[in-house]
Each structure stands twice: as C-alpha cells, then as structure tokens.
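Asks: Please find the sequence and the predicted model below.
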Amino acid sequence: MQPYAYWSGTESDAISTDAWNLYTQDGLQFVYGKTHVLSVWAVRSGQAAVSPVATAQPVPALDGFGLAALGLLLAGLVSRSRRMQHK
C-alpha cells in the first residue's frame, strides 16, 4: 500500500458529490469531491469503517480569578527570567 489517499466508497451525508477517503500516510479521513482522481483499495464489507468526525469544543473563558492567576504566573516568569540574566 502506498502513502496516498484512497476512496472509501462511502458518500458524504452533507454533499452527495463528495465521498470519504483515507490518507494512509497519517490515517486522516476526510471528504473530497468525487471528481478528483484518487486510488482505490478494495475491502470486504465489515473490514473497514469511517470514524465519526470530531467536533470543535468551545474554549472556556477566563473569569476575573483566572486572569489574575495568569497575570501572577506571567509576572513570576518575567521576574525569574530577569534574575537569571543578571547572574
């Protein structure tokens, strides 16, 4: 098997002109237009499956306490860095 993108044969639920494929070099799975030329890799039913796409998770916002703690941490790092430079 070469490190290329291979069609899976599974059509995209969102766009009927796209299909899932697998990039064998790093294991990425993604949707690509069916008009693109990619290799094929024959498997029997049940030997392969498309994993679900990960969804983005929101990053929690820092509240007043979090910002104060981050400020103290950064001030400490700057202070330490300056002390190390003067030695």
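Replies: Yep, that arrived.
Asks: Helices of the chain, residue ranges please.
Replies: Along the chain, counting by DSSP state H, helices occupy 64-85.
Asks: where does the protein have low pLDDT?
Replies: Applying pLDDT under 70 to the chain picks out residues 1, 41, 43-60, 62, 86-87.
Asks: all strands of it, in order?
Replies: For the chain, the strands defined by DSSP state E cover 5-11, 18-23, 28-33, 39-40.
Asks: Out of those, which is closest to G64?
Replies: Closest approach to G64 among those is made by strand 28-33 (40.3 Å; C-beta to C-beta). In short, each C-beta sits where N, CA and C put it, glycine included.
Asks: Buried by neighbour count: which residues of the closest one qualify?
Replies: Judged by neighbour count using 16 or more other C-beta atoms under 10 Å, the buried positions of strand 28-33 are V31.
Asks: start the count at 602, not 1, going forward
Replies: Sounds good: first residue 602 from here, last item strand 629-634.
Asks: Let me have the strands of the chain in TSV, adding distance to R684 as columns.
Replies: Below are the strands of the chain laid out as TSV (distance: least, C-beta to C-beta, whole Å):
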stretch	distance to R684
strand 606-612	53
strand 619-624	48
strand 629-634	45
strand 640-641	58
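Asks: Figure out which of those strands is closest to R681.
Replies: Ranking the strands of the chain by proximity to R681 (C-beta to C-beta) places strand 629-634 first, at 40.4 Å.
Asks: ok, how many other residues are close to A615?
Replies: 7 (other C-beta atoms under 10 Å).
Asks: whoops, I mixed them up, S682
Replies: S682 - counted by other C-beta under 10 Å - has 9 other residues nearby.
Asks: ok, Y605 - contacts?
Replies: Listed by C-beta atoms under 8 Å, 6 or more residues apart in numbering, the contact partners of Y605 are 624-626, 639-640.
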